[in-house]
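Participant: Quick one, fold the following:
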Amino acid sequence: MAWAERSIKEGNQAGLRIGLLIAFLMAAVFAGLQIYEYRHEEFSFSQNSYSGLFFTITGLHGAHVLSALAMNAYLQLRAWRGHFTKRRHIAVSNVTLYWHFVDAVWVVIFVSLYLAPRWLP
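Facilitator: Sure, this is the predicted structure:
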């Protein structure tokens, strides 16, 4: 997304489209891996407090990722129609900010739900 935003700020339509596509594919892979993880998890939602929090928090994050995918798809439609220019790209910047939010939240989730349980006794 950062590449897409930087590209359109420079007036580079191709860079915008490629950046959006790469971001979309990476997020789609992430969503697919999350679905795979849910199907193969060794614990259930109601097994204990951790499992309930795990599925709730990662599920909400997954919803944010799906929202970001939808926003990205909409931007791609507009990008392929030439709606964005060097001077008209606020929608790309706003969605990029949202992607950064989703990424930052994932770092916190990953550390607290995936790493911390292995570090703590």
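
Participant: Centre of the chain to the lowest-mean-pLDDT helix or strand in the chain, how far?
Facilitator: Ranking every helix and strand in the chain by mean pLDDT, DSSP states H and E puts helix 116-119 at the bottom, with a mean of 87. When distances are taken as Cα atoms, centre = their mean, to the nearest Å, helix 116-119 is centred 24 Å away from the chain's centroid.

Participant: pretty sure residue 65 is touching residue 105, no?
Facilitator: No: using Cβ atoms under 8 Å, residue 65 is not in contact with residue 105, being 9.8 Å away. No exception for glycine: its C-beta is placed from N, CA and C like everyone else's.

Participant: Look up how far residue 106 lies from residue 41.
Facilitator: Distance, residue 41 to residue 106, by Cβ to Cβ, to the nearest Å: 18 Å.

Participant: no no, residue 10
Facilitator: Distance of residue 10 to residue 106, given as Cβ to Cβ: 28 Å.

Participant: If anything else comes up later, I'll come back, but that's it for now.
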